[in-house]
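>>> just to be clear, the model below is a prediction. Sequence and coordinates:
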Amino acid sequence: MGKTSENGTSALGWAVAAIGVVTLPNLCAMILPGADAFAAMVAMQVAALMLIPCAFGAPLRIVLLAGIPFVWLGPVAILCRITTGQPPSEWFFLLLFETTRAEATVFLPQILSGCALLLACSAVFAWIVWRRLDRRTRLDRLGRMTIVFWALLAPAAAVAQLGLREGGLTAAYRLENSYPLDTALSLVRAAGLRWELSHRARSMARIAVRRLEPPLPQREIYLLVIGEAARYDRFQINGYERPTTPRLAGIDGLLSFRDVISPAPATLLAVPMLLTAATAPEAREALRLPSLPAAFRAAGFHVHWLSTQARHGRWDTTVSSFAQDADDARFLGSQLGNEGSAGQTALDTELIPVVRDILARNEQKILLILHTMGSHALYSDRYTPEFDRFPADPTVCAEARRRVLVEGAFTKEQQTALDNSYDNSILFTDSVLADLIGVLEDQHAVSGFYYVSDHGENGGDASYLPFGHGNLSSEVLHIPLLVWLSPEYRAARTRQSAALAEHVAVPISSTTTFHTLFDLAGLGGARSDPAHSIASPEFRPSVRMVTNLHGDLKDYDRDIKASGEAGDNHLVTR
């Protein structure tokens, strides 16, 4: 094309079309619920800012080619917004890194749609840049003035409406939360989190732990079991009408805490807050804080990490990275390069003989951390055929999980099958936990058993994400917490034993886990605090804050439990 006014105007039109493909997520955000009058102006501002080098004479084609990475990331941002109502966060990208191929099949419709959109956007963008714009084409004066006008309109409108300071902050916030800057910043933050994960070992070597009570002469064993996707109200011992926990119901001295919530609806956020002193407002800081395995090692305990979930290699997940803090870490589930299907991960019963073997070594001070598959979808893959007490055809369950996770997506047969298979997985968990308590009981040591689920699961009738989790709903956040103390423990540490029994009905968050395990073992330091330990008479209930993947904080009792609403819709699978 030449450089006349007419050709320059035509070139601007094609450039705007191409940049519209680059910033397509902003155009989609304009039609989603929650968009306001400024959405269109901000979308035009972002497009103009990406073309601003052209206002200073840069060739259009060169400037547009720099936007290719954002053409490819655009479909990811669009599908994230449609699915979760929010742009991708750093935790969203970490979730993508951690999700196996088997878990990704749940989102097969979205993945296929994203691939189709990616191909379409790439084709349109390439056609415009290579067929409609010459490599020497530059904007004329009118085109340059137009770019500058749209780049300044949105911030000028904000300043005119709100004043210089508040308007400037608002304009900056809108720009930061528009594509592609929001996605680019999230990718940078995700890379930072991954770097922190790979360098945790250095900071853990400097942990200072002290004994608050004299060492016991007897052998000490503490067993922390981290459950997966278990709901409080699907446990028979918590009032559920079905016999899902018959063996646990018969264990003398087992405490089932009635009002416990998870601080987050996703494993990659919730588990780090179980293993450190982090709470919901500082969830991101968990990767930098002393962990239970590192602290117990510093106190002279032999620490063993056993998992039926997968380890992803050198760049570990936010959960398996904590296994590096243990003396011994074993992943019985799928390994790097062998993801298989969801059903090919290890059954939780495979943990029991390994626990027996470890205890047979007669180590005097032991902490065992077991990360289980629990009730992770696909539920029917989590138990053996003899636990199919509530009939659930695995074929029907598998077909149901391939449906889009929205209300009304399941047939009555599929919903019944998923409900039954979920209850079967709880029944299987009941057997695993009862066997583990039995193994501890046989040791005749000062022993403490502590089971807590990372988060719960929505039911099939949920308005958002039926048979899924990731949104801040009561079903997802209200979780089971079980504690059993051996007779030897109750005799040796009466203070902790009495405090636990007194706090069974107190509203708590599972973020008390770190502090409670410290208290059970008579330890202090490493940011532990008796005021946050349910095994301490000094325990003081606090506001129960929860967070989602985007860092949005809510007061559980005020904003979720009291309202009875399903909460926001931020989808994750781990």
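Cool, the structure landed. This structure is a prediction, so every number in the text was calculated from the model and none was measured. Numbers count the residues shown, from 1 in each chain.

>>> ranges for the strands of the stretch 301-450 of the chain?
Taking DSSP state E, counting those that start in this stretch, the strands of the stretch 301-450 of the chain run over residues 302-307, 328-331, 365-371, 446-453.

>>> what lines up beside the shortest one in the sheet?
So that's strand 328-331. Strand 328-331 sits in its sheet next to strand 302-307 (parallel), going by DSSP bridges.

>>> show me where this protein has strands.
209-211, 220-227, 255-261, 302-307, 328-331, 365-371, 446-453, 478-485, 508-509, 523-525, 545-547, 553-555 (DSSP state E).

>>> centre-most residue in the chain?
Ala266 (3.1 Å; CA atoms, centre = their mean).

>>> what separation do you get for that residue and Asp454?
8 Å (CB to CB, to the nearest Å). C-betas here are computed from N, CA, C, even on glycine.

>>> then Ala156?
With CB to CB as the criterion, Ala156 and Asp454 are 47 Å apart.

>>> the two: who's more crowded?
Neighbour count, other CB atoms under 10 Å: between Ala156 and Asp454, Asp454 has more, with 29 against 15.

>>> quick one: the more buried one and Pro263 touch, right?
No: between Asp454 and Pro263 there is no contact under CB atoms under 8 Å: 10.0 Å.

>>> overlap of the contact sets of those two?
Ala270 (CB atoms under 8 Å, 6 or more residues apart in numbering).

>>> and Glu228, what does it touch?
Thr267, Gln309, Thr372, Met373, Gly374, Ser375, His376, Ser453, Asp454.

>>> repeat that with 6 Å
Residues near Glu228 by CB atoms under 6 Å, 6 or more residues apart in numbering: Thr372, Met373, Gly374, His376, Asp454.

>>> that one - nearest residue in space that isn't next to it in sequence?
Gly374 (3.2 Å; CB to CB, 6 or more residues apart in numbering).

>>> ok, Pro480 next?
Using CB to CB, 6+ apart, the closest residue to Pro480 is Tyr232 (4.9 Å).

>>> what's that neighbour in contact with, if anything?
Tyr232 touches Asn238, His478, Ile479, Pro480, counting by CB under 6 Å, 6+ apart.

>>> kindly indicate which of these lies nearest Val63.
Taking CB to CB as the measure, Val63 sits nearest to Ile479 out of the contacts of Tyr232, at 51.1 Å.

>>> point out where the stretch 201-350 of the chain drops to low pLDDT.
201-206, 311-317, 334-344 (pLDDT under 70).

>>> now do the helices in it.
Remark: helices assigned in the stretch 201-350 of the chain by DSSP state H, counting those that start in this stretch are 246-249, 267-275, 292-298.

>>> which helix is the longest one in this structure?
When secondary structure is assigned using DSSP state H, the longest helix within the chain turns out to be helix 412-443.

>>> per-residue pLDDT, Val446?
Per-residue confidence (pLDDT) for Val446: 97.

>>> how is the protein carved up into domains?
5-194, 199-561 (automatic domain parsing).

>>> highest average neighbour count across those?
domain 199-561 (a mean of 20; mean count of other CB atoms under 10 Å).

>>> and the strands of the chain as TSV, adding distance to Leu112?
Converted to TSV, these look like this (distance: least, CB to CB, whole Å):
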stretch	distance to Leu112
strand 209-211	51
strand 220-227	33
strand 255-261	36
strand 302-307	31
strand 328-331	31
strand 365-371	32
strand 446-453	32
strand 478-485	34
strand 508-509	39
strand 523-525	51
strand 545-547	31
strand 553-555	33
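
>>> which one of these lies closest to Ala498?
The nearest among the strands of the chain, by CB to CB, is strand 478-485 at 10.7 Å.

>>> hey, least reliable of the domains of the chain by pLDDT?
domain 5-194 (a mean of 81).

>>> report the contact partners of the nearest residue to Ala18 once chain neighbours are set aside.
Nearest residue to Ala18 in three dimensions, chain neighbours excluded: Ile128, at 4.4 Å (CB to CB, 6+ apart). Residues counted as contacts of Ile128 (CB under 6 Å, 6+ apart) are Trp14, Ala17, Ala18.

>>> quick check: the residue nearest to Ala277 when sequence neighbours are not counted vs Thr511, distance?
Setting aside the residues directly before and after it, Ala277 is nearest to Arg527 in space (CB to CB, 6+ apart), at 4.0 Å. As defined by CB to CB, Arg527 lies at a distance of 12 Å from Thr511.

>>> again, but for Cys80
27 Å.

>>> and if you look at Thr244?
In terms of CB to CB, Thr244 sits 26 Å off from Thr511.

>>> cool, Asp419 as well?
For Asp419 relative to Thr511 (CB to CB), the value is 30 Å.

>>> what of Ala535?
14 Å.

>>> again with Ile207
19 Å.

>>> now do Ala158
In terms of CB to CB, Ala158 sits 38 Å off from Thr511.

>>> do the same with Leu418
30 Å.

>>> before we move on, what about Leu224?
14 Å.

>>> contacts only, for Gln45.
Ala151, Ala154.

>>> where along the stretch 451-574 of the chain do the helices fall?
Here the stretch 451-574 of the chain has its helices, by DSSP H, counting those that start in this stretch, at 474-477, 487-492, 494-502, 513-520.

>>> now swap in the stretch 1-150 of the chain and tell me
5-22, 24-29, 38-50, 60-65, 68-84, 90-98, 101-104, 108-127, 141-162.
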